[in-house]
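> Mind looking at a prediction? Sequence and model below.
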Amino acid sequence: QVQLVESGGGLVQPGGSLRLSCAASGLPFSSYAMGWFRQAPGKEREFVARISRSGGSTYYADSVKGRFTISRDNAKNTVYLQMNSLKAEDTAVYYCAATSLATIVVPESYAYWGQGTQVTVSS
């Protein structure tokens with residue numbers, strides 16, 4: 001049984017930082033590219049970042065480029081999202097997802113999803 005479990009969300013002031021983690025089990029982690037998506041109330045789920053199986057290649061949405069960093073530790077079966085300079089518009093539920101395809105931004109191409117962790121940016 002595949003499980004992706006996110007953690008690290010919370011309430012942070014504008015300009016602050018958070019580090020999200022996603023622990024994977026039940027799948028050959030190093031065989032899957034990993035992505036982060038987010039969904040704000042009343043909006044569709046949107047792509048945030050993706051990292052290749054080896055970690056050697058990353059891709060970001062324009063809205064987070066330069067502020068967020070995705071990384072992974074294949075020895076720990078964990079993917080991270082370091083979020084700096086947070087803005088109110090970053091408020092959303094953040095999900096990690098796994099894909100065996102060469103896809104990047106299409107949510108439907110990710111086979112496995114976590115339950116999400118809430119990130120709220122507010123003063």
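Received, thanks. Fair warning: this is a prediction, and the values are worked out from it, not measured in the lab.

> so what's the closest residue to residue 15 other than its chain neighbours up against?
Spatial nearest neighbour of residue 15, excluding adjacent residues (Cβ to Cβ, 6 or more residues apart in numbering): residue 85 at 6.1 Å. Bear in mind the C-beta positions are built from the backbone N, C-alpha and C, glycine included. By Cβ atoms under 8 Å, 6 or more residues apart in numbering, the contact list for residue 85 reads 15, 17, 67.

> Check for me that residue 79 belongs to a strand.
Yes: remark: residue 79 belongs to a strand, assigned using DSSP: H, G, I helix; E, B strand; the rest coil.

> partners of it in the sheet?
residue 22, residue 72 (DSSP bridges).

> roughly how far apart are it and residue 87?
22 Å (Cβ to Cβ, to the nearest Å).

> check contacts around the closest residue to residue 48 other than its chain neighbours.
Closest residue to residue 48 apart from its sequence neighbours, by Cβ to Cβ, 6+ apart: residue 36 at 4.3 Å. Going by Cβ under 8 Å, 6+ apart, residue 36 touches 20, 22, 48, 49, 50, 70, 79, 81, 94, 95, 96, 97.

> Next: residue 49.
Contacts of residue 49 by Cβ under 8 Å, 6+ apart are 35, 36, 58, 59, 60, 61, 64, 68, 69, 70, 81.

> wouldn't the fifth one be in contact with residue 68 here?
So that's residue 60. Yes: at 6.4 Å, residue 60 counts as touching residue 68 under the criterion of Cβ atoms under 8 Å.

> list the residues that contact both of the two?
Common neighbours of residue 60 and residue 68 (criterion: Cβ under 8 Å, 6+ apart): 48, 49.

> Alright, that wraps it up for me.
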